[in-house]
Structure formats: structure tokens, C-alpha cells
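Asks: give me the fold of what follows.
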Amino acid sequence: NSEDVRVTHRSTKEKDQLITRLKRIEGQVRGIQNMIENERYCVDILTQISAINAAMNKVGLQLLEKHAHHCVSDAIKDGDGEEAIQELMEVFIRVSKSQ
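Replies: A predicted model of the protein is given here:
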């Protein structure tokens, strides 16, 4: 249901930074595909995968920080803190499981 979709308003600078990072990660993934096609050494591929995971974690932490400072903070000010904190904790649990 499109009414259930929540949005976050980011500055143009924030969006540009996130998109730039994600495009760089996309390029790294394509690089790994090429490495596999060219039968590169497994350790080299695993090193690149590790770099991608670190980059994705950095993007995730940036988004989580923005969410906590703005969305959760605003919800607390508006009296909806319990729900926002519960959601934040659920996100922390999901993120920590993917580490």
C-alpha cells in the first residue's frame, strides 16, 4: 500500500554522497564479476568482497545515524518515542545479525 510508505527528506548533498558511494560499490561488484570470469585468485576476490562489505556497512551506519538524529529524535519530541525506539532497536538487531 503506497500510503504505508514513509519517506525521509535528505539534503541534496546527503543524497549525492550516498548515491556516489553506492555507485562506487556497484563498480566494485562488477569488478568482482570480472575477476571471477577471468579466474582471478580466490584471496584477491575475497579481499574485494571484504572491501564491499565494509563500504556497505559504512552506508548503513550513515543512514542509521541520520535516522536516529532526525526521525527518532522528532518522534520523541512528538510523543511517539516508544514506537520509534522499538523500531530503532529492531533495526539494530537486524543490522547486527548481518555482520
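Asks: what segments of the chain are strands?
Replies: Taking DSSP state E as the criterion, the chain carries no strands.
Asks: quick one: contacts for the residue nearest the centre of it?
Replies: Taking CA atoms, centre = their mean as the criterion, Gly60 is the residue nearest the geometric centre of the chain, at 2.6 Å. The contact partners of Gly60, taken as CB atoms under 8 Å, 6 or more residues apart in numbering, are Val95. Where you see a C-beta, it was placed from the backbone N, CA and C, and this is true even at glycine.
Asks: now do it, the pLDDT please.
Replies: The model reports Gly60 with a pLDDT of 90.
Asks: same question, Arg6
Replies: The predicted local confidence for Arg6 comes out at a pLDDT of 69.
Asks: could you do His67 as well?
Replies: As summarised for this prediction, His67 has a pLDDT of 87.
Asks: ok, now Asn1?
Replies: The predicted local distance difference test score for Asn1 is 48.
Asks: do the same with Gln99
Replies: What the model reports for Gln99 is a pLDDT of 64.
Asks: how about Val29: what's its closest non-neighbour residue?
Replies: Taking CB to CB, 6 or more residues apart in numbering, and ignoring the residues beside it in sequence, Val29 has Ile52 as its nearest neighbour in space, at 6.4 Å.
Asks: low-confidence bits of the chain, can you list those?
Replies: Scanning the chain for pLDDT under 70 picks out 1-7, 99.
Asks: quick one: the helices in it, in order.
Replies: Taking DSSP state H to define them, one finds helices in the chain at 12-37, 42-66, 73-77, 81-97.
Asks: enumerate the positions of the shortest one that are buried.
Replies: Think helix 73-77. For helix 73-77, a neighbour-count test (16 or more other CB atoms under 10 Å) marks Ala75 as buried.
Asks: one more: the first one?
Replies: Buried residues in helix 12-37, counted by 16+ other CB under 10 Å: Ile25, Ile32, Met35.
Asks: tilt between it and helix 42-66?
Replies: Between helix 12-37 and helix 42-66, the angle comes out at 160 degrees (axes from the mean of the first three to the mean of the last three CA atoms, to 10 degrees).
Asks: helix 12-37 - contacts with which helices or strands?
Replies: helix 42-66 (3 or more CB pairs under 8 Å, 6 or more residues apart in numbering; DSSP states H and E).
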